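Novice: kindly return the folded structure for what I paste below:
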Amino acid sequence: MHTDELRILDAIVVRASLDLVSKITPDDLGKPTPCSAWTLHGLLAHMTTQHYGFAAAAEGEGHLDYWRLVPLGDDPIETYRASVKRVLNAFVPHDLADRKFPLPEFSTEITFTAEQALGFHFVDYLVHSWDVAKTLGLPLKFQKEVLDAGLRFAESIPNGKNRKEPGAAFGPAVDATGPSDLDTIVALLGRSPSWPDQAAAA
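Specialist: Below you'll find the model as predicted:
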């Protein structure tokens with residue numbers, strides 16, 4: 001998929017995540033999420049941090065300091081909003097397709113193409129938008145183009161033993177049959193579409 005197409009799809013899911021996060025109340029932050037290791041506060045801190053890490057990578061910065069957990073402070077929603085602005089602006093440059101992305105959380109030995117990096121970010125925030133929506137009990141819908149791309153990425157990610165390792169981006173796939181393409185995507189990436197009725201991997 002072309003970089004410009006991916007950038008558009010990525011912006012759609014990132015803005016959807018911000019719309020959901022903007023509805024969080026202080027009482028919501030301690031709630032469990034489909035990412036079993038995190039409360040909503042922990043998930044939001046992770047999402048915020050990843051935005052800054054990918055933004056730095058888009059500018060050629062590969063030090064792990066850019067991926068250290070960002071404190072949410074007294075206004076977690078505004079902190080997240082700032083991280084969204086940062087990453088979307090970092091993905092704007094016209095020469096983005098020609099850049100190499102150092103992503104030390106993925107590998108310290110190689111860099112990644114813009115298409116690869118945007119794909120990682122896109123599918124991650126597609127799933128994290130679902131995580132937040134599920135935690136808050138809110139509906140979430142995406143247009144067909146987003147879901148079609150999400151399915152392609154979800155199906156392309158190996159479902160091997162590395163998904164059981166500490167810090168794995170996604171847990172082992174679960175039963176992928178669901179009433180919607182979004183259910184299928186999250187199931188392929190280790191979430192139970194029926195959460196919280198069933199336990200889900202991080």
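
Novice: immediately after the longest helix seen in the chain, which helix or strand?
Specialist: Identified as the longest helix of the chain according to DSSP state H is helix 114-136. Going down the chain from helix 114-136, the next helix or strand is helix 144-156, by DSSP states H and E.

Novice: what packs against that following helix?
Specialist: When contacts are defined as 3 or more CB pairs under 8 Å, 6 or more residues apart in numbering; DSSP states H and E, helix 144-156 packs onto helix 3-21, helix 114-136, helix 181-188. For every residue, glycine as well, the C-beta is placed using N, CA and C.

Novice: which among those helices is found nearest to Asp27?
Specialist: Closest to Asp27 of the helices and strands packed on helix 144-156 is helix 114-136 (CB to CB; 11.0 Å).

Novice: what residues sit buried inside that closest one?
Specialist: Residues 114-136 are the ones in helix 114-136 that count as buried (16 or more other CB atoms under 10 Å).

Novice: ok, Asp131 - contacts?
Specialist: Asp131 makes contact with 33-35, 43, 191, according to CB atoms under 8 Å, 6 or more residues apart in numbering.

Novice: centre of the chain versus the longest helix of the chain, how much separation?
Specialist: 3 Å (CA atoms, centre = their mean, to the nearest Å).

Novice: quick one, it and helix 3-21 angle?
Specialist: Following axes from the mean of the first three to the mean of the last three CA atoms, to 10 degrees, one obtains 20 degrees for the angle between helix 114-136 and helix 3-21.

Novice: for Leu9, the count of nearby residues, please.
Specialist: Residue neighbour count, defined by other CB atoms under 10 Å, stands at 23 for Leu9.

Novice: other residues contacting stretch 82-101?
Specialist: Outside stretch 82-101, the residues that touch it by CB under 8 Å, 6+ apart are 2-4, 7, 10-11, 14-15, 17-18, 47-49, 51-52, 54-60, 70, 111-118, 121.

Novice: now with 7 Å, please.
Specialist: 3, 7, 10-11, 14, 18, 48, 51-52, 54-55, 57-60, 111-112, 114, 117 (CB atoms under 7 Å, 6 or more residues apart in numbering).

Novice: which stretches of the protein have low pLDDT?
Specialist: Scanning the chain for pLDDT under 70 picks out 160-161, 163-169, 176-178, 198-202.

Novice: one more pass at 90, please.
Specialist: 1-2, 35-37, 105-108, 155-180, 190-192, 194, 196-202 (pLDDT under 90).

Novice: just the C-alpha atoms of stretch 83-96, please, in PDB.
Specialist: C-alpha atoms of stretch 83-96 as PDB (Å, rounded to 0.1, in the frame of the first residue of the first chain):
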ATOM      1  CA  SER A  83       0.900  13.200  21.400                       C
ATOM      2  CA  VAL A  84      -1.600  12.800  18.600                       C
ATOM      3  CA  LYS A  85      -0.800  16.200  17.200                       C
ATOM      4  CA  ARG A  86       2.900  15.300  17.400                       C
ATOM      5  CA  VAL A  87       2.700  12.000  15.500                       C
ATOM      6  CA  LEU A  88       0.300  13.200  12.800                       C
ATOM      7  CA  ASN A  89       2.600  16.200  12.200                       C
ATOM      8  CA  ALA A  90       5.600  13.900  12.000                       C
ATOM      9  CA  PHE A  91       3.900  11.900   9.300                       C
ATOM     10  CA  VAL A  92       3.200  14.900   7.100                       C
ATOM     11  CA  PRO A  93       6.500  15.600   5.300                       C
ATOM     12  CA  HIS A  94       6.400  15.100   1.600                       C
ATOM     13  CA  ASP A  95       9.600  13.000   1.600                       C
ATOM     14  CA  LEU A  96       8.300  10.600   4.300                       C
END
